[in-house]
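# The following block contains a protein sequence and its predicted model.
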Amino acid sequence: MPYFDAASAAPLHPVARQALLAALDEGWADPSRLYREGRRARLLLDAAREAAAEAVGCRPDELVFTPSGTRAVHAGVSGTLAGRRRVGNHVVVSAVEHSSVLHAVEDGAVTEVAVDRTGLVDAAAFGDALRADTALACLQSANHEVGTVQPVAEAAERCRAAGVPLLVDAAQSLGWGPVEGPWSLLAASAHKWGGPSGVGLLAVRKGTRFAPQGPADERESGRAPGFENLPAIVAAAASLRAVRAEAVAEAARLSALVDRIRTRVPELVPDVEVVGHPSLRLPNIVTFSCLYVDGEALLHELDRGGWSVSSGSSCTSSTLTPSHVLKAMGVLSEGNVRVSLPHGAVAGDVEGFLEALPGVVRTVRERLGAPEPSSRPAATTGEGLPDLVVDSLGKRCPIPVIELAKVIEDVPVGGIVSVLSDDEAARLDIPAWCEMRGQEYAGEHEAPRGVAYWVRRLS
């Protein structure tokens, strides 16, 4: 069964498996001890650190291993804020950072820098957000949901000029290559590149004021306390070196498969928006959103057909709120599908997915009573207050948009449909529907309950 969710967790690389098994026999002892078994374990740990540091582009003594990527992010944020507490507690982040970063900085004074519709941060705007009391800036190297690659090198130069350390979340990109630029801290997670779960890394370059917080001991320079999971660390470093050796050829191959999906999905399925930057993106990720589709139902149908994919739709979340990434981009969130190809993915599986997708989407739309694509001629012009009110209170995505689509041609050109909704996703999905269907979004208006979203018919 094809697995297309490598951005969440990549399958264990064969080299990682071999290294893990070997290290279980050789790396079980305490690497801080001086007897023979301890020295052997220390050699393995030092070799893994050197390999990882070479891949990151830092000195071995600047890198520590952590129990996860999330722990690496939190340790990096808390240690930097503590080390620079005399400067202030202001933090600059992009609006599309991973949730681990947003949670780590939430106790500070945070400025979120907006992104454009492709998910791209403007480096100049990022630099303009820096202030005299800015203690830290955070910018991902590539987005985890849509694959957009950020201008880290330029942002890092602006941070250096301002005297502000930049922490880079490189979880999605590190397996493809080093992060360029004068960044100060970098965090990543082994399960993203085919290493075992439970291993992260944190690099803190020399000259960065840093005061480790939380529990402390003598291990990992005091920045990641606790006994090292040496077999997993060895496997993580070995797999990182292995995927880097394959990266150029594999990136070209997977990028061609992703281009195939980006081109064919809008041709095969009506009312689809492919999101993310068309060229500044990771080679293995493509994300698209389907109108009139319940995200959870779509994923279940794809899973029944043997396709393992992910989604940023609010319908797949217990919070029933849209993905903060899709929301910041201002794109359609309903029926969202993220395809992230693992190393070794084959063209036949991609073609099979493209063959199955139209039928799956059609099945879900029919179940929800979605409208067919319409080509009815335009009616006459109208102005003023809403010509029609659609009551979608208490209904979750994508029902409000489906009900809007069913009635838009019941009002004259220039007429207004008001959609009443208390679903947070409607604030994102109704404007996105208007852009996709060539209608005018006329804004939000007060309502006794929920929000009234006005849409003016243009054609």
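Yep, that arrived.

# tell me the secondary structure for the residue nearest the centre of the chain?
Note on the chain: the residue nearest the mean C-alpha position is H144, at 2.2 Å, using Cα atoms, centre = their mean. Of the three states, H144 takes coil according to DSSP: H, G, I helix; E, B strand; the rest coil.

# and the gap between it and P212?
Separation of H144 from P212 (Cβ to Cβ, to the nearest Å): 26 Å. Where C-beta positions appear, they are placed from N, C-alpha and C, glycine not excepted.

# Then L257?
In terms of Cβ to Cβ, L257 sits 43 Å off from P212.

# Tell me the bridge partners for V389.
Counting by DSSP bridges, V389 forms beta bridges with S418.

# residue boundaries of the helices in the stretch 1-150 of the chain?
Shown for the stretch 1-150 of the chain, the helices assigned by DSSP state H, counting those that start in this stretch span residues 14-26, 36-56, 69-83, 99-104, 123-128.

# how about these in JSON lines, adding mean neighbour count, mean pLDDT and distance to V93?
Putting these into JSON lines (neighbours: other Cβ atoms under 10 Å; pLDDT from 0 to 100; distance: least, Cβ to Cβ, whole Å) gives the following:
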{"stretch": "helix 14-26", "mean neighbour count": "17", "mean pLDDT": "94", "distance to V93": "31"}
{"stretch": "helix 36-56", "mean neighbour count": "18", "mean pLDDT": "95", "distance to V93": "21"}
{"stretch": "helix 69-83", "mean neighbour count": "23", "mean pLDDT": "96", "distance to V93": "10"}
{"stretch": "helix 99-104", "mean neighbour count": "19", "mean pLDDT": "96", "distance to V93": "6"}
{"stretch": "helix 123-128", "mean neighbour count": "17", "mean pLDDT": "98", "distance to V93": "9"}
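
# closest one to E355 among the ones you listed?
helix 14-26 (29.3 Å; Cβ to Cβ).

# what about the closest one, distance to the chain center?
Taking Cα atoms, centre = their mean, to the nearest Å, one finds the center of helix 14-26 at 30 Å from the center of the full chain.

# Stretch 361-370 too?
Worked out by Cα atoms, centre = their mean, stretch 361-370 lies 28 Å from the chain centre.

# which residues make contact with that stretch from outside it?
The contact list for stretch 361-370 (Cβ atoms under 8 Å, 6 or more residues apart in numbering) reads 269, 290-294, 297-298, 301, 335, 398-399, 402, 405.

# want to try JSON lines for the helices of the stretch 1-150 of the chain, with distance to R160 as columns?
Converted to JSON lines, these look like this (distance: least, Cβ to Cβ, whole Å):
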{"stretch": "helix 14-26", "distance to R160": "35"}
{"stretch": "helix 36-56", "distance to R160": "18"}
{"stretch": "helix 69-83", "distance to R160": "15"}
{"stretch": "helix 99-104", "distance to R160": "20"}
{"stretch": "helix 123-128", "distance to R160": "10"}
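
# so which of these comes closest to K192?
Here helix 69-83 is closest among the helices of the stretch 1-150 of the chain (Cβ to Cβ), at 7.3 Å.

# I'd like to know which elements that closest one is packed against.
Helix 69-83 is packed against helix 99-104, strand 134-138, strand 166-169, strand 185-189, strand 200-204, with contacts defined by 3 or more Cβ pairs under 8 Å, 6 or more residues apart in numbering; DSSP states H and E.

# got the CA positions of the helix or strand that the second one is followed by in PDB?
Reading on from strand 134-138 to the C-terminus, the next helix or strand found by DSSP states H and E is helix 152-162. Coordinates of the C-alpha atoms in helix 152-162 are reproduced here as PDB (Å, rounded to 0.1, in the frame of the first residue of the first chain):
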ATOM      1  CA  VAL A 152      16.400  31.900   5.500                       C
ATOM      2  CA  ALA A 153      19.800  33.100   4.200                       C
ATOM      3  CA  GLU A 154      18.500  36.600   3.600                       C
ATOM      4  CA  ALA A 155      16.500  36.700   6.800                       C
ATOM      5  CA  ALA A 156      19.600  35.500   8.700                       C
ATOM      6  CA  GLU A 157      21.700  38.300   7.300                       C
ATOM      7  CA  ARG A 158      19.100  40.800   8.400                       C
ATOM      8  CA  CYS A 159      19.000  39.300  11.900                       C
ATOM      9  CA  ARG A 160      22.800  39.300  12.100                       C
ATOM     10  CA  ALA A 161      22.900  43.000  11.100                       C
ATOM     11  CA  ALA A 162      20.400  43.700  13.900                       C
END
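
# Which strands and helices lie in contact with helix 152-162?
helix 123-128, strand 134-138, strand 166-169.

# average pLDDT across the last one?
Meaning strand 166-169. In this model, strand 166-169 carries a mean pLDDT of 98.

# Partner strands of that strand, with direction?
Applying DSSP bridges, one finds strand 166-169 paired with strand 134-138 (parallel), strand 185-189 (parallel).

# how about it: buried residues?
166-169 (16 or more other Cβ atoms under 10 Å).

# now stretch 347-355
349-350, 353-354.

# mind giving me the domain ranges of the protein?
14-243, 245-368, 388-456 (automatic domain parsing).

# Point out where the stretch 351-459 of the chain drops to low pLDDT.
373-384 (pLDDT under 70).

# name the element E273 belongs to?
strand 272-275.

# Going by contacts, tell me the helices and strands next to that strand.
helix 230-268, strand 285-290.

# if you compare these, which one is most tucked away?
strand 285-290 (a mean of 26; mean count of other Cβ atoms under 10 Å).

# Partner strands of that one, with direction?
strand 272-275 (antiparallel), strand 336-340 (antiparallel).

# quick check: mean pLDDT across the first one?
I take that to be strand 272-275. The model assigns strand 272-275 a mean pLDDT of 93.

# which residues sit against that strand?
118-119, 146, 262, 265-266, 286-291, 326, 329, 331-332, 432, 436.
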